[in-house]
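**Student:** model this:
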Amino acid sequence: MNFTIKAHGFFVAHSLKISEQGVVFENSAVSRIKRRVAFNQIDGMLMSEKNVLSFQVGSELFSIPTISENPQHAEAIDAMVKAVQASKPSA
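**Tutor:** I've put the predicted structure just below:
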């Protein structure tokens, strides 16, 4: 499994790479952020009404704009949701 979501704005570029090992989030805003996260470290995920995907790791929140009509974005989000769910202990 290898998926990538890229979002470029006027002053900022985001990317989210999803693989078997977890996700790599990059943000090139004022201070460049590159964060590797295992699926089991992700506490929650949320998709806003404006198609911004956010996920929480401890006290950190990461967000990336997505395009709902883009099949690659939809596949990547679906794969990430399934991998996060699979990483959690079953109740």
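**Student:** Pretty sure residue 77 sits in a helix.
**Tutor:** Yes: note on residue 77: a helix contains this position according to DSSP: H, G, I helix; E, B strand; the rest coil.
**Student:** Kindly provide the distance from it to residue 31.
**Tutor:** 26 Å (Cβ to Cβ, to the nearest Å). (Each C-beta comes from the backbone N, C-alpha and C, glycine too.)
**Student:** you'd agree residue 74 is in a helix?
**Tutor:** Yes: counting by three-state DSSP, residue 74 is found in a helix.
**Student:** To which secondary structure element type does the nearest residue to it once chain neighbours are set aside belong?
**Tutor:** The spatial neighbour of residue 74 that comes closest, neighbours along the chain excluded (Cβ to Cβ, 6 or more residues apart in numbering), is residue 68 at 7.1 Å. The three-state label given to residue 68 by three-state DSSP is coil.
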